[in-house]
Structures are given as C-alpha cells and as structure tokens.
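**Student:** Have a look at this prediction, sequence included:
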Amino acid sequence: MIAADLRNTSRTCPRDECGYVAAQNRPTQDTFHCVACGHRAHTDTVGAVNVLRPGWPVAIPTWVSEKPPLHAGEE
Ligand SMILES: [Zn+2]
C-alpha cells in the first residue's frame, strides 16, 4: 500500500515523467531541485502541483472533485 504523505509532496518531482521522491530534492527549505532530472522550482509550487496530481488520493481535498459549473448563473 502506498500512503500519500503530504510531507512528501514537497520532496516529489512535479514532472509527470519523473516523479522522483527524495529528501535530497530539497537542498534548502524554499528550494526544490530534483536530483534525478534537474527540475528546479519553489517548494510552494511543487507541493501544490503534487497535491493536485493523480496518484495522491489521500492528499486530494474533497473540494477538488466538487468544482462549481463554469457558467453558473448564465442559464
Ligand atoms: Zn525530476
């Protein structure tokens, strides 16, 4: 069983073709640098992307699947 740990979202490469998870991906608290593919990003961005990506069912908040209609109120 793979448990999606929210703390790992900031250690996981946000690139779909990579997804490498390692503490070494976090050279500093605010910096993400994937040791596998070299992808760089701010950790806030990385965490947000990884929480929303498929494959993290435990980490996805319920409101994600309850998007309001795009044209609410136009009909
Ligand atoms: Zn990577």
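**Tutor:** Cool, the structure landed. Predicted model, so just to flag it, every value in this text is computed and none were measured. Numbering: from 1, shown residues only.
**Student:** Name the residues of stretch 10-23 that come out as buried.
**Tutor:** Using 16 or more other CB atoms under 10 Å as the test for burial, stretch 10-23 gives 10-14. Where C-beta positions appear, they are placed from N, C-alpha and C, glycine not excepted.
**Student:** I'd like the average pLDDT over that stretch.
**Tutor:** Across stretch 10-23, pLDDT averages out at 90.
**Student:** can you tell me if it touches the ion.
**Tutor:** Yes - using CB under 5 Å from the ion, we find that stretch 10-23 touches the ion at 13, 15, 18, 20.
**Student:** and the helix or strand residue 47 falls within, C-alpha only, in PDB?
**Tutor:** Taking DSSP states H and E as the definition, residue 47 sits inside helix 43-52. The C-alpha trace of helix 43-52 is given here as PDB (Å, rounded to 0.1, in the frame of the first residue of the first chain):
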ATOM      1  CA  THR A  43       8.700  24.300  -2.900                       C
ATOM      2  CA  ASP A  44       5.400  26.000  -2.500                       C
ATOM      3  CA  THR A  45       4.700  25.400  -6.200                       C
ATOM      4  CA  VAL A  46       5.900  21.900  -6.100                       C
ATOM      5  CA  GLY A  47       3.700  21.000  -3.100                       C
ATOM      6  CA  ALA A  48       0.600  22.500  -4.700                       C
ATOM      7  CA  VAL A  49       1.200  20.600  -8.000                       C
ATOM      8  CA  ASN A  50       1.800  17.300  -6.300                       C
ATOM      9  CA  VAL A  51      -1.300  17.600  -4.100                       C
ATOM     10  CA  LEU A  52      -3.500  18.000  -7.100                       C
END
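**Student:** What is that helix packed up against?
**Tutor:** Helices and strands touching helix 43-52, as assessed by 3 or more CB pairs under 8 Å, 6 or more residues apart in numbering; DSSP states H and E, comprise strand 31-33.
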